[in-house]
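Asker: Got a predicted structure plus its sequence, pasted below:
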Protein chains: 2
Amino acid sequence: MSVKIITISRQFGSGGRTIAKALAQKLGYDYYDKEIIEHVAEKTGFSREVIAARGEEAPGKSVFSYGFEAQATPGIMNGLTMNDYIWTVQRKVIKDIADSGKPCVIVGRSADFILKDYDDVLNVYICADLEYRKERIVKLYGESDKKPEKRLEEKDKKRAANHKHFTDLQWGYAPNYDICLNSSALGIDKCVEIIADLVNRG
Amino acid sequence: MSVKIITISRQFGSGGRTIAKALAQKLGYDYYDKEIIEHVAEKTGFSREVIAARGEEAPGKSVFSYGFEAQATPGIMNGLTMNDYIWTVQRKVIKDIADSGKPCVIVGRSADFILKDYDDVLNVYICADLEYRKERIVKLYGESDKKPEKRLEEKDKKRAANHKHFTDLQWGYAPNYDICLNSSALGIDKCVEIIADLVNRG
C-alpha cells in the first residue's frame, strides 16, 4: 500500500506520541498533535486547555457547563454541545491537513475515522501493558494525588467514550486499524521501524 | 524480544491460518492447528468434528445436550460441561506443546491466554475488512445457504463468546496481543514478513 498519512491512536502512557514523533522525523513527514489544538483554538476562540481536554476525552457534556467559555463564539454553535462543536471544527482542521496533500503523521483525535474515505492512510494503534504505562506516566508527568492505575483507567475510559460517541466504533478494537503494536512487548524503536518499513517498502 | 512460540488468533476469513502456515515454514517452526484437535480427540474420545466445532466456538453448552458423545469418557468429566471439559484437555495439550521446548506456531484456541505465563511467546491477532473476508470464505469454502456476511458474523460471535467465557478477555481487543495486523490492508505476504522479522531480528 502507498501511505501518505499515518494516524496514530494510542493508549495513555504507551509511548504513542514518542513513536509518532520519531516516525515523522524518520520519514520527513509533517507532524500534527498539539498543532491541531492551535488551529481549533484559533477557529473557535476556546482556550487551548479546554480544547486539549475536550477534543479527545469528554463526549456529550452540555455547553452550558462551561460558563463564559461558551460565550467565546456566540451564535455560531447552533445548539451543539461544546464537545460536538469542538469535534466539528477539529474534523474540518484534520480534513484540511489531509487535503493539503503533504505527507503527515496525525496523533489521536479520531483522525482514523475522520479520514476513513481517504486513500493512502495507514491507521495505527499503539498500546502497552499496564505496568509499563504506570511507570511511564509517573516518569513523564510526575506523581499526582491519584494512583497511576486510576489515572490510566480514567484516561482510557474517557478516550474510549469520546471515540464511541463520535464514531460509533470501539476504540482499541483491532479490526478498526491497519496495525496495532504493543510498545512494551516490542519496544518503541521496533514500533517505529515496523511502521516506517511499511511506508517505505509498502 | 526472543520468540519461541507464536500464537495466531484470527478472524474467520482473514487468512490467519495461511499466514501461520507460511510463517512456520519460513522459520522452520512446528505448526499446530488441526493437530491439536487430533491430540484432544485421542485424550477425550470425542469425535474430531465435535472438538473442531466445540473447541473454539461454543461456550457453556451443557454436556447433556450432546447425548451419546458425552458417554465416550464416562466418569472423568466431573460434572463439567462438554465444552469446559474439551477446554481443559485442550489447555493441557497446548501446555504440553509449549513445555516440549520446540519452537512452534499455534493457531487459535486461546493459546495466547493459556500461555500467558510463558516467556518467549509472541501473541498475534490477524483481522481483515469485511469485503475481503466475504470474498475469501466463498472462494475457500464455497457458497452456502447463508449469506457470507451472516456466516462471518456468526463465526466471529462464537469465537468471541468462547474466548470471553474461558479467558474473561475481549477477543480482538488490541491491548490483549503483542501485534495485530489487518491482512486486507497490508497483504498476506507482508504480514508473514513483519512477524518473521520480529522473530528473527528481535
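Answerer: Thanks, I have it.

Asker: after the worst-scoring helix or strand of chain A on mean pLDDT, next one along is what?
Answerer: Across the helices and strands of chain A, mean pLDDT, DSSP states H and E gives its lowest value to helix A:48-57, namely a mean of 75. Using DSSP states H and E, the next helix or strand after helix A:48-57 towards the C-terminus is helix A:82-99.

Asker: Name the residues that touch the helix or strand that that next one is followed by?
Answerer: With elements assigned by DSSP H and E, the helix or strand that comes after helix A:82-99 is strand A:104-107. Identification of contacts with strand A:104-107 by Cβ atoms under 8 Å, 6 or more residues apart in numbering or on different chains yields A:4-8, A:10, A:16-17, A:20-21, A:23-24, A:27, A:29-33, A:36, A:94, A:97-98. In short, each C-beta sits where N, CA and C put it, glycine included.

Asker: among these, which are in helices?
Answerer: Cross-referencing those against helices under DSSP state H gives A:16, A:17, A:20, A:21, A:23, A:24, A:27, A:36, A:94, A:97, A:98.

Asker: Pick the one among these closest to chain B.
Answerer: residue A:16 (11.7 Å; Cβ to the nearest Cβ).

Asker: Considering the ones in helices among the contacts of strand A:104-107, which possesses the most neighbours?
Answerer: Counting neighbours by other Cβ atoms under 10 Å in any protein chain shown, residue A:20 leads the ones in helices among the contacts of strand A:104-107 with 27 neighbours.

Asker: where does chain A have low pLDDT?
Answerer: In the predicted model of chain A, residues A:1, A:55, A:57-78 satisfy pLDDT under 70.

Asker: again, only using 50
Answerer: A:60-74 (pLDDT under 50).

Asker: Enumerate the residues of it near chain B.
Answerer: Within chain A, the positions near chain B by Cβ under 8 Å from any Cβ of the partner chain are A:1, A:11, A:122, A:125, A:127-129, A:172-175, A:177-182, A:185-187, A:190, A:194, A:197-198, A:202.

Asker: and residue A:14, how many neighbours does it have?
Answerer: 28.

Asker: Apologies, that question was intended for residue A:131.
Answerer: Residues near residue A:131, counting by other Cβ under 10 Å: 11.

Asker: what's the spacing between the residue nearest to residue A:124 when sequence neighbours are not counted and chain B?
Answerer: Closest residue to residue A:124 apart from its sequence neighbours, by Cβ to Cβ, 6 or more residues apart in numbering or on different chains: residue A:8 at 5.1 Å. According to Cβ to the nearest Cβ, to the nearest Å, residue A:8 stands 13 Å off from chain B.

Asker: Contacts only, for residue A:8.
Answerer: A:16, A:17, A:19, A:20, A:23, A:105, A:106, A:107, A:108, A:124, A:125, A:126 are the contacts of residue A:8 under Cβ under 8 Å, 6+ apart.

Asker: show me the contacts for the fourth one.
Answerer: In other words, residue A:20. Here residue A:20 is in contact with A:6, A:8, A:10, A:31, A:33, A:105, A:107 (Cβ under 8 Å, 6+ apart).

Asker: so of those residues, which ones are in strands?
Answerer: A:6, A:8, A:10, A:31, A:105, A:107 (DSSP state E).

Asker: could you dump the longest helix anywhere in chain A to CSV, C-alpha only?
Answerer: If you go by DSSP H, chain A has its longest helix at helix A:148-167. Provided in CSV are the C-alpha atoms of helix A:148-167 (Å, rounded to 0.1, in the frame of the first residue of the first chain):
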residue,chain,number,x,y,z
PRO,A,148,-1.2,5.8,38.4
GLU,A,149,-3.6,2.9,37.6
LYS,A,150,-6.5,5.2,38.4
ARG,A,151,-5.2,7.9,36.1
LEU,A,152,-4.7,5.4,33.3
GLU,A,153,-8.2,3.9,33.8
GLU,A,154,-9.8,7.3,33.7
LYS,A,155,-8.0,8.5,30.6
ASP,A,156,-8.6,5.2,28.8
LYS,A,157,-12.3,5.4,29.7
LYS,A,158,-12.6,9.0,28.5
ARG,A,159,-10.8,8.4,25.2
ALA,A,160,-12.9,5.3,24.5
ALA,A,161,-16.1,7.1,25.4
ASN,A,162,-15.2,10.1,23.2
HIS,A,163,-14.3,7.8,20.3
LYS,A,164,-17.5,5.8,20.6
HIS,A,165,-19.6,8.9,20.9
PHE,A,166,-18.3,10.4,17.7
THR,A,167,-17.5,7.4,15.6
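
Asker: What's the first helix or strand after that helix?
Answerer: strand A:179-182.

Asker: same for whatever helix or strand comes next after that following strand, what does it pack against?
Answerer: Following strand A:179-182 in sequence order, the next helix or strand is helix A:183-186 (DSSP H and E). The elements that helix A:183-186 packs onto, with contact taken as 3 or more Cβ pairs under 8 Å, 6 or more residues apart in numbering or on different chains; DSSP states H and E, are helix A:130-141.
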